[in-house]
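Peer 1: what's the 3D shape of this:
(one chain, ligands or ions: 3)
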Amino acid sequence: MSENTTKPASNCSAVVGLQWGDEGKGKIVDILAAEHDAVVRYNGGANAGHSVVVKGERFSLHLIPSGILYPSKIAVIGNGVVLDPDKLLEEIDGLRARGVDTGGLVISDRAHVVMPYHKAEDAAREDALKRVRIAQAGETGRKVSEIGTTRRGIGPAYAEKAHRAGAVRVGDLLHAETLRDKIEIAIATKMDLIRDLAGSGDAIESQKVMDWALGAGEAIAPMVRDTTYLLNNLVKAGKKVLFESANGTLLDVDHGTYPFVTASSCSIAGIGIGTGVPVQRVGRVIGVMKAYSTRVGAGPLPTELAGPGPDGAIGDRIRNRGREFGTTTGRPRRVGWLDLTAVKYSAMINGTTGIALTMLDVLAGFDTIRVCTGYADGTKVSDRFLPDAAALANAKPHYVDLPGFSEEIGAARSRNELPKQARAYVEFIEQQVGLPVEILSVGPDRAQTMIQV
Ligand code: GDP
Ligand code: IMO
Ligand code: MG
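Peer 2: Ligands and ions are numbered 1, 2, ... in the order given. Next comes the predicted model:
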């Protein structure tokens, strides 16, 4: 066998979001982690908020892979993640205080570090965009808006990675000389810009940043490894590896609703970039989708249910039943009917092999459930998604109305126990997307899950 020959591809699986994030990836990863040896985050940073509920106890994970709740698993933060050391240490402390063993956590020495000035830049850019929006309000045709980022420094950290010279990687935190050079370069190249954008602000002192960075390096040093070799060796040894996406395919920097996206590759293409494991090793790709749509931050959401009328009331009901408030920022999530045009596009981008459908329980109590199956253009309906935000903003959803169900379904443990209208809704999704629903979730708890592989 040649050096690069591995055991069958099906040893690796991926969990990706098929919508705008918050599809329930954390819950699905936690379920699937039971049958894997390692769980790996490959993109994003502390913008993610993945919730796992076990026997009524809720865990919110931002940087740590959702497999951490099983003591025997390896949990890897890959090189494609942008790491905020403060958030990581806070998260580790929080888990340990609740009795979770975090001994399996490993961090790539090549993950980029979110520095304090990245967060300042993220906030300053958003505030500047807001000022432009306000100044241009009322001018027809002007569509400037802030992105609505999480202000966690994600975009500026990835931009620094592309700029190269001043970018600090986790491994650099352990080498004072290199670290000092990089911090000085970064501050020299961006401080004027941040001050200009913010319109005020004190200079960032490099010594303060240096002290902070050295402290962070010391704290995380025992977890730092070359995770590319670690993971490829695990795959070669036939171990089962699960890749956990952050954010969602429609927030992918290339394939999402640009420019209202995040700054990383959230689709499975990000696995090769963000871990060094070739994506063709991934045999099973589970696309997670909720039974309706949500989005946090700005950008088009064609099926949005908002405003003072009946649509807004439906949106409020879904938001409250689904606890649709951000895990990371607490912002209320925008809510809409399911957009299957968007989901089909994401399923295509990811080579999805099966669906995990979440939040079906949230839709109980509606006489009719609407599903968008295309966008109307005059008398024609197109089933082509429009990933450009300006084009998508003009899309008019074409709806199919399906009968709703009145019973609560949180206690159902097999499809047969669902009301027939709920079953028909699931079958409609399977038929439209052309993929089986392999996991069906009817509540946040680990136990509220049906697995039909
Ligand atoms: P992620 O970012 O994709 O991991 O999703 P989040 O954790 O940010 O948001 C999903 C929310 O829905 C969390 O509060 C979960 O606990 C919850 N959740 C997951 N699956 C279900 C489900 O089937 N029904 C209900 N009602 N809540 C769910
Ligand atoms: P999880 O992993 C939902 C959104 C932000 C904003 C845009 C850019 O929990 O599904 P950023 O801070 O990344 O530059 O913000 O992307 N966003 C998310 N929305 N879930 C997420 O992660 C998100 N991560 C980023 O709200 O609109
Ligand atoms: Mg989330």
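Peer 1: mind naming the longest helix for this protein?
Peer 2: Determined from DSSP state H, the single longest helix within the chain is helix 176-198.
Peer 1: give the next helix or strand downstream of that one.
Peer 2: Next in sequence after helix 176-198, counting helices and strands by DSSP states H and E, comes helix 206-220.
Peer 1: that following helix to helix 176-198, inter-axis angle?
Peer 2: Relative orientation of helix 206-220 versus helix 176-198 (axes from the mean of the first three to the mean of the last three Cα atoms, to 10 degrees): 120 degrees.
Peer 1: elements contacting the longest helix of the chain?
Peer 2: Identification of packing neighbours for helix 176-198 by 3 or more Cβ pairs under 8 Å, 6 or more residues apart in numbering; DSSP states H and E yields helix 116-136, helix 206-220. C-beta coordinates here come from the backbone N, C-alpha and C atoms, glycine included.
Peer 1: determine how far the longest one lies from the middle of the whole chain.
Peer 2: Spelled out, that is helix 116-136. Averaging C-alpha positions (Cα atoms, centre = their mean, to the nearest Å) puts helix 116-136 22 Å from its chain's average.
Peer 1: repeat for stretch 438-453
Peer 2: Taking Cα atoms, centre = their mean, one finds stretch 438-453 lying 20 Å from the centre of the chain it belongs to.
Peer 1: that one close to ligand 1?
Peer 2: Yes. Stretch 438-453 comes into contact with ligand 1 (Cβ under 6 Å from any ligand atom), by way of S441, V442, G443, P444.
Peer 1: how about stretch 21-41?
Peer 2: Yes. Using Cβ under 6 Å from any ligand atom, we find that stretch 21-41 touches ligand 1 at G21, D22, E23, G24, K25, G26, K27.
Peer 1: coming back round to it: let me know which of the helices and strands packed on helix 176-198 is tucked in deepest.
Peer 2: helix 116-136 (a mean of 18; mean count of other Cβ atoms under 10 Å).
Peer 1: now do it, average pLDDT.
Peer 2: Throughout helix 116-136, pLDDT has a mean value of 91.
Peer 1: give me the residues contacting it.
Peer 2: 84, 142, 144-149, 151-157, 160, 186-187, 190-191, 193-194, 197-198, 201, 204, 209, 212 (Cβ atoms under 8 Å, 6 or more residues apart in numbering).
Peer 1: and the gap between S60 and S66?
Peer 2: To S66, S60 is 10 Å away according to Cβ to Cβ, to the nearest Å.
Peer 1: ok, those two, which is more surrounded?
Peer 2: More neighbours surround S66 than the other of S60 and S66, with 27 against 13 (other Cβ atoms under 10 Å).
Peer 1: close to ligand 2: what parts of the protein are there?
Peer 2: 17, 20-22, 47-50, 147-150, 152, 154-155, 246-248, 251, 262-263, 296-297.
Peer 1: out of those, which touch ligand 3?
Peer 2: Counting by Cβ under 5 Å from the ion, D22, G49 from the residues of the chain next to ligand 2 sit close to ligand 3.
Peer 1: make CSV out of the helices and strands packed on helix 176-198 and add distance to ligand 3.
Peer 2: Converted to CSV, the helices and strands packed on helix 176-198 look like this (distance: least, Cβ to the ion, whole Å):
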stretch, distance to ligand 3
helix 116-136, 18
helix 206-220, 23
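Peer 1: what about the residues of stretch 21-41 next to ligand 1, which are in strands?
Peer 2: If you go by DSSP state E, the residues of stretch 21-41 next to ligand 1 have nothing in strands.
Peer 1: just confirm D101 is within a strand.
Peer 2: No. D101 sits outside any strand when classified using DSSP: H, G, I helix; E, B strand; the rest coil, being coil.
Peer 1: just checking, it touches Y70?
Peer 2: No. With contacts counted by Cβ atoms under 8 Å, D101 stays clear of Y70, the gap being 9.1 Å.
Peer 1: partners of the closest residue to ligand 3 within the stretch 51-200 of the chain in the sheet?
Peer 2: Nearest to ligand 3 in the stretch 51-200 of the chain, going by Cβ to the ion, is S51, at a distance of 6.9 Å. S51 forms beta bridges with S60, as assigned by DSSP bridges.
Peer 1: so which of the residues of the chain next to ligand 2 belong to strands?
Peer 2: Per DSSP E, strands hold the following members of the residues of the chain next to ligand 2: G17, H50.
Peer 1: quick one: residues contacting G374.
Peer 2: If you count contacts by Cβ under 8 Å, 6+ apart, then G374 has T341, V381, S382, D383, P397, H398 around it.
Peer 1: buried ones among these?
Peer 2: Buried by 16 or more other Cβ atoms under 10 Å: T341, P397, H398, out of those.
Peer 1: tell me the spatial nearest neighbour of the second one, not counting adjacent residues.
Peer 2: Looking back up the chat, that one is P397. With sequence-adjacent residues excluded and distances taken as Cβ to Cβ, 6 or more residues apart in numbering, P397 is closest to C372, at 4.0 Å.
Peer 1: then that neighbour would be within a helix, right?
Peer 2: No. Assigned with three-state DSSP, C372 falls outside any helix and is strand.
Peer 1: list the contacts of it.
Peer 2: For C372, the contact set (Cβ under 8 Å, 6+ apart) comprises P302, T303, W337, L338, D339, L340, T341, A342, P397, H398, Y399.
Peer 1: does the second one touch S293 like I think?
Peer 2: Just to be clear, that refers to T303. Yes. Judged on Cβ under 8 Å, T303 makes contact with S293 at a distance of 5.5 Å.
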